[in-house]
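1. 3D model of this:
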Amino acid sequence: MIVDNQKTGMIERIKNRLRKHRFLAPLMGCPYPAPRWNRSVKRVIRELGPDAQIMDLGSGMHRRSPNVINFEIEPTPLVDVVGDGHVLPFADSVFDAVISEAVLEHVSDPMQVVSEMYRVLKPNGFVCAAVPFLQGYHASPHDYQRWTTTGFVKLFSRFHEVESGACAGPTTALHWIFREYVGLVCSFGSLLIAKAVSLLVGWLTFPLVWLDMLLLLHPHSHILASAVYFVGQKK
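-> Okay, here's the model as predicted:
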């Protein structure tokens, strides 16, 4: 157990170093397309205008717009505020929108984080959130849960739903699990080798993922989606 923890800690240190590097960060994984989600977020930012106060909770290594405040659990070059999403260091009703992409699966109490989003939003403010449904385990540094579209809408039940559904499609789900499977089979018991092989296989087979551009048009694509999303307004 001690050896496994040491190996996991080493991988996390490598990932953290990559995550903080603007050009090496993409090496951490395949950039799976999520066109519906990206359009929805861009539309909210555009309609609110350049003077809107917007927070990106778990922003990572990119800034969606000049007026977006980047919030992260640890410092990186583009982070404006460092803190814990369970207790946001902001006053009530200060933001016009809160964006959260691939974050809630990593928090121990997602209901508390959603409550904090609700608290810091202005009346009629927007929340845009996306999480995994069918994806492999990916700790950063922890990974706790997955959601169906129905479960995710329920998580945001205090909000008025604007739209929801699949944002990364069935091919992405299959691709992610396939590359992780091959990595595990070829790992010789090493998690580091498993991740390296998974990444290599992922990039070699990545063109298949673009089939999702068609599959996401299917009205029931959410039943096998890799990730789901929710856009809502504070009641």
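2. which stretches in this structure count as strands?
-> Under the criterion DSSP state E, the chain carries strands at the ranges 54-57, 68-72, 81-82, 95-101, 121-132, 159-168, 227-234.
3. contact partners of stretch 142-155?
-> Identification of contacts with stretch 142-155 by C-beta atoms under 8 Å, 6 or more residues apart in numbering yields 104-108, 110-111, 114, 129, 131-135, 137, 161, 164-166, 222, 225, 228-230. Bear in mind the C-beta positions are built from the backbone N, C-alpha and C, glycine included.
4. among those, name the buried ones.
-> Among those, those classed as buried by neighbour count (16 or more other C-beta atoms under 10 Å) are 104-107, 110, 114, 129, 131-135, 164-166, 222, 225, 228-230.
5. what residues are up against Ser59?
-> When contacts are counted by C-beta under 8 Å, 6+ apart, Ser59 touches Val68, Asn70, Phe71, Glu72, Leu78, Val79.
6. how about the nearest residue to the last one, chain neighbours excluded?
-> The shortest distance from Val79 to any non-neighbouring residue, by C-beta to C-beta, 6 or more residues apart in numbering, is to Glu72 (4.4 Å).
7. so what's the residue count around that neighbour?
-> Glu72 has 21 neighbours, counted by other C-beta atoms under 10 Å.
8. beta partners of it?
-> Each beta-bridge partner of Glu72 is listed here, defined by DSSP bridges: Val82.
9. quick check: pLDDT value at it.
-> Looking at Glu72, its pLDDT reads 96.
10. so which of the strands of the chain gets nearest Ser198?
-> Of all the strands of the chain, it is strand 121-132 that lies closest to Ser198, at 15.8 Å by C-beta to C-beta.
11. look up how far Phe206 lies from the residue nearest the centre of the chain.
-> Nearest to the mean C-alpha position of the chain, by C-alpha atoms, centre = their mean, lies Ala102 at 1.4 Å. In this structure, Ala102 and Phe206 are 18 Å apart, going by C-beta to C-beta, to the nearest Å.
12. which parts of this structure are helices?
-> In the chain, the helices defined using DSSP state H lie at 2-19, 35-48, 110-120, 149-155, 170-185, 191-204, 212-215.
13. how about those helices in JSON lines, adding mean pLDDT and distance to Asp143?
-> Formatted as JSON lines, the entries for these read as follows, by pLDDT from 0 to 100; distance: least, C-beta to C-beta, whole Å:
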{"stretch": "helix 2-19", "mean pLDDT": "55", "distance to Asp143": "12"}
{"stretch": "helix 35-48", "mean pLDDT": "97", "distance to Asp143": "20"}
{"stretch": "helix 110-120", "mean pLDDT": "98", "distance to Asp143": "12"}
{"stretch": "helix 149-155", "mean pLDDT": "98", "distance to Asp143": "16"}
{"stretch": "helix 170-185", "mean pLDDT": "97", "distance to Asp143": "13"}
{"stretch": "helix 191-204", "mean pLDDT": "92", "distance to Asp143": "14"}
{"stretch": "helix 212-215", "mean pLDDT": "95", "distance to Asp143": "23"}
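14. mind giving me JSON lines with those and columns for distance to His86?
-> Formatted as JSON lines, those follow (distance: least, C-beta to C-beta, whole Å):
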{"stretch": "helix 2-19", "distance to His86": "20"}
{"stretch": "helix 35-48", "distance to His86": "23"}
{"stretch": "helix 110-120", "distance to His86": "5"}
{"stretch": "helix 149-155", "distance to His86": "15"}
{"stretch": "helix 170-185", "distance to His86": "27"}
{"stretch": "helix 191-204", "distance to His86": "28"}
{"stretch": "helix 212-215", "distance to His86": "33"}
